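Colleague: coords please:
(one chain, ligands or ions: 1)
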Amino acid sequence: MENTQHAGLIVASNRLPFTLTRKADGGFQVEPGSGGLITALLPVLRDRGGVWVGWPGTSEEIDNIDALLEEATRKSGYRLRPVLITEDERRKFYHGFSNEIIWPLFHDLQTLCNFDPSYWRVYQNVNRRYAEVLAQNSKDGDFIWVHDYHLMNVALELRRLRANVKTAFFLHIPFPPLDIFVKLPWRFQLLHALVEYDLIGFQTLRDQRNFIQCVRTLMNDVAVHGKGRLLTLRDSGRDVPVGSFPISIDFNAYVKRATGNEVADKAAELRKILPNRQLILGVDRLDYTKGIPQRLEAFRNALMRYPELHERVTLIQVVVPSREDIPQYYDLKARIEGLVGEINGQFTRPGGWVPIHYVFRSLEQSDLLAYYRAAEIALITPLKDGMNLVAKEYCACSIEEDCVLILSEFAGAAAQLQRGALLVNPYDMEGVADAIYRAFTMDITERRARMRRMRRAIHEQDIFWWVDSFLRAAIAKDLSAFPLPEDYVPVNDIGGMSL
Ligand code: F6P
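Modeller: Down below sits the predicted model:
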């Protein structure tokens, strides 16, 4: 690696922020991706320059791939570097190890795991490939920020390559409790790989605590120091800070877009089509962690126990297609569609009210924001979630501050929003049904007080706060300038429970 004086920033994630897709004429085009991480990190990279390393969205061989990616970011000041993997590697690394093992296990759903040993071998190989591309594109002293569960082995592989860089890791999904983590056949290898990073970040204190408990129990030679939001692991003379950094959204950008004419017109149109009722909104990727069937059952329960809701509420459930190649995901789609059909069949008034409007597709951003603006109530009830940014986006778009958020206590967002949201246990069908009724009947004064509290927290700790506090922890190992909001309660302390 070449020697220069200035440390550069290099981001690594499973996918690049741009995707290569085939055009009608057979050639390839580069299309921008979307999502919170991209919104947060691209301005930082534009500002400081740097490199983003990831999978370009296709395993096909493309002769001019570097030129295509170069062209996409020509005037931006940062570069994109692809990690090329075969279709078979992609299947075992992404669908297999990442999404049939780590994803269900880390969401406490160990019975859904497929612990195929070949997945682990390919996961290691692909992480090594990422490390090689990172080493080729970094210089001494650079800072490499690795994102998410697909890339937990990268720091270890960089060390094997003797790359003289600083590394940090942020886990976007939950970290499970010890008794679930120990089910992983490669539990020791994975913990040792994580401790190779120079900073490890989690979404919430709950995840940080779970990780620390695993380290204390499974790694005899590693000591834990400190308390609170930034702890330190001492491993063979190295100090590794471990912190919690709740990810967020670009609050001001959401407010700006939500108040634009296009969104206002679309929201008014929705209200016109579905008049004289409160709209309840669910928006989720197709994923068994999101608790969609349980939510539909809770909605059915509410309609059965509170007949005054009939014709006065409509549930709009948006499901965004995702990971459909994995068997559990297409089974889930069939289950959701069966339930929607059943519930509508049970309650629909011919020629009139249909209780559930079901949308299965990706939405244009203006359509999504119109749903946020039109709905009086959001019903966000994942069985477990790292954070859940839909909850934060919905609050940002509640410009009049008159909407109600019903939120799972197992979403990371509950730690920050628990004093404004109606918290529910997504497995408690009657509890969720009662919360729906409570939201429906909540007066405007209470709605405003609750929503204002949540919007303030999201505004103060927005996505830029998240980036700043993470980089500050990496560089200065100090978070005193970035306190968590006063409202913050670790998720597992809710109601005095010790989960
Ligand atoms: O929440 C974790 C995450 O990997 C996000 O980063 C991503 O947007 C989402 O899940 C969907 O993931 P995938 O890349 O598998 O479609």
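Colleague: what's the distance between residue 454 and residue 416?
Modeller: For residue 454, the distance to residue 416 equals 8 Å [CB to CB, to the nearest Å]. Where you see a C-beta, it was placed from the backbone N, CA and C, and this is true even at glycine.
Colleague: ugh, typo on my part, it should be residue 296
Modeller: 27 Å.
Colleague: Then residue 11?
Modeller: For residue 11, the distance to residue 416 - CB to CB - is 25 Å.
Colleague: Neighbours of residue 441, how many?
Modeller: Residues contacting residue 441 under the criterion other CB atoms under 10 Å number 11.
Colleague: which residues touch the closest residue in space to residue 116 that isn't next to it in sequence?
Modeller: Closest residue to residue 116 in three dimensions, ignoring its sequence neighbours and counting by CB to CB, 6 or more residues apart in numbering: residue 96, at 6.3 Å. Each residue near residue 96 by CB atoms under 8 Å, 6 or more residues apart in numbering is listed here: 114, 116, 118-119, 122-123.
Colleague: give the contact list for the residue nearest to residue 14 when sequence neighbours are not counted.
Modeller: In space, residue 14 comes closest to residue 150 once its chain neighbours are excluded; the distance is 4.1 Å by CB to CB, 6+ apart. Neighbouring residues of residue 150 by CB under 8 Å, 6+ apart: 13-14, 93-94, 98.
Colleague: So which residues on the stretch 151-300 of the chain come close to the ligand?
Modeller: Applying CB under 6 Å from any ligand atom, we find that the stretch 151-300 of the chain lies next to the ligand at 172-173, 285.
Colleague: Tell me the most packed of the residues you listed, by neighbour count.
Modeller: Within these, neighbour counts (other CB under 10 Å) peak at residue 173, which reaches 20 neighbours.
Colleague: which secondary structure element contains it?
Modeller: Secondary-structure assignment from DSSP states H and E places residue 173 in no helical or strand segment.
Colleague: swap in residue 379?
Modeller: Going by DSSP H and E, residue 379 is in strand 377-380.
Colleague: for the closest residue to residue 76 other than its chain neighbours, what are its contacts?
Modeller: Leaving aside its sequence neighbours, residue 76 sits nearest to residue 46 (CB to CB, 6+ apart; 5.5 Å). Taking CB under 8 Å, 6+ apart, we find residue 46 in contact with 76-78.
Colleague: what's the next secondary structure element after whichever strand or helix holds residue 46?
Modeller: Using DSSP H and E, residue 46 sits within helix 36-48. Going down the chain from helix 36-48, the next helix or strand is strand 50-55, by DSSP H and E.
Colleague: what's the angle from that next one to helix 36-48?
Modeller: Per axes from the mean of the first three to the mean of the last three CA atoms, to 10 degrees, the angle that strand 50-55 makes with helix 36-48 is 150 degrees.
Colleague: Distance check, the closest residue to residue 136 other than its chain neighbours against residue 470.
Modeller: Once flanking residues are discounted, residue 136 sits nearest to residue 81: 7.9 Å by CB to CB, 6+ apart. Counting by CB to CB, the gap between residue 81 and residue 470 amounts to 22 Å.
Colleague: the more surrounded of those two?
Modeller: Taking other CB under 10 Å, residue 81 and residue 470 do not tie; residue 470 has more neighbours (21 against 18).
Colleague: show me what contacts the closest residue to the more buried one other than its chain neighbours?
Modeller: Once flanking residues are discounted, residue 470 sits nearest to residue 245: 5.1 Å by CB to CB, 6+ apart. Neighbouring residues of residue 245 by CB under 8 Å, 6+ apart: 170, 201-203, 466, 469-470, 473.
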